[in-house]
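# got a structure for you, letters missing:
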């Protein structure tokens, strides 16, 4: 059973920092692209950052220069370092990953359950 589990969310003042983690558990064949999304109340889920298996990264304009995505393949974990946080960064943050399943080698997209980030002004 493959699962993605996020951690690291919480309440922080504007200008502060948080680091989110998302660990993949269960047996897998390969871990490909990994991403962080966020969804604020009443808004659509938006893509925040992507990191490929070759460590290429891409960011939404709203977070570029403030957030950094990274990964540790040995730990099957993706991170999101968030600096200079703003109240508009308040949202539930979700990770997802393209994973080759161990039992049939098919690629499937898995999602985590989300972690709340709240930035006070």
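Everything's here; your move. It should be emphasised that the depicted structure is a prediction, and the values quoted were computed from it without experimental measurement.

# Next, residue 74: secondary structure please.
Counting by DSSP: H, G, I helix; E, B strand; the rest coil, the backbone at residue 74 sits in helix.

# hey, what's residue 96 bridged with?
For residue 96, the beta-bridge assignment (DSSP bridges) gives partners residue 35, residue 111.

# residues near it, how many?
For residue 96, the neighbour count with other CB atoms under 10 Å is 19. Yep, even glycine has a C-beta here, placed from its N, CA and C like the rest.

# Help me confirm that it comes into contact with residue 113.
No: assessed by CB atoms under 8 Å, residue 96 is found out of contact with residue 113, at 11.2 Å.

# which neighbours do the two share?
Taking CB atoms under 8 Å, 6 or more residues apart in numbering as the contact rule, residue 96 and residue 113 both touch residue 4.

# Show me which residues of stretch 85-95 are buried.
Neighbour-count burial for stretch 85-95 flags 85, 89, 90, 91, 92, 93, 94, 95 (criterion: 16 or more other CB atoms under 10 Å).

# Tell me who's in contact with the last one.
By CB under 8 Å, 6+ apart, the residues touching residue 95 are 4, 6, 20, 22, 34, 35, 36, 37, 78, 80, 111, 112.

# What pLDDT is listed against it?
Turning to residue 95, the model gives it a pLDDT of 98.

# and what of the fifth one?
The score at residue 92 is 98. That number is its pLDDT.

# Pairing partners for it in the sheet, please.
residue 39, residue 116.
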